[in-house]
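Trainee: sharing a model that was predicted from the sequence below.
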Amino acid sequence: MVVSALDQKQVLMEAFRAGAADFLVKPFNKTVLVDTLDQLG
């Protein structure tokens, strides 16, 4: 999972090409983070 302050399509695509399973943009809700981690678990 990648957490980034940059909300740009290019950054997102590069993260997934590098093997990221998910991508969150800061600032993010704590509940969203926990739910995402549980799903990746």
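Mentor: Happy to help now that I have it.

Trainee: beta partners of the closest residue to Ala20 other than its chain neighbours?
Mentor: Distance criterion CB to CB, 6 or more residues apart in numbering; nearest residue to Ala20, sequence neighbours excluded, is Val2 at 4.5 Å. For every residue, glycine as well, the C-beta is placed using N, CA and C. Assessed by DSSP bridges, Val2 has beta-bridge partners Phe23.

Trainee: now do the same contact list for Val2.
Mentor: 15, 20, 22-24 (CB atoms under 8 Å, 6 or more residues apart in numbering).

Trainee: what sits against the residue nearest to the spatial centre of the chain?
Mentor: In the chain, the residue lying closest to the centroid (CA atoms, centre = their mean) is Phe23, at 1.5 Å. By CB under 8 Å, 6+ apart, Phe23 lies in contact with 1-4, 12, 15-16.

Trainee: circling back: any of the contacts of Val2 buried? List them.
Mentor: 15, 23 (16 or more other CB atoms under 10 Å).

Trainee: could I get the contacts of Val2 as JSON lines with pLDDT and distance to Leu40?
Mentor: Formatted as JSON lines, those follow (pLDDT from 0 to 100; distance: CB to CB, whole Å):
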{"residue": "Ala15", "pLDDT": "94", "distance to Leu40": "14"}
{"residue": "Ala20", "pLDDT": "95", "distance to Leu40": "10"}
{"residue": "Asp22", "pLDDT": "94", "distance to Leu40": "6"}
{"residue": "Phe23", "pLDDT": "94", "distance to Leu40": "12"}
{"residue": "Leu24", "pLDDT": "94", "distance to Leu40": "11"}
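
Trainee: any idea how far the top helix by length along the chain is from the middle of the chain?
Mentor: The longest helix of the chain (DSSP state H) is helix 30-40. Helix 30-40 sits 10 Å away from the centroid of its parent chain (CA atoms, centre = their mean, to the nearest Å).
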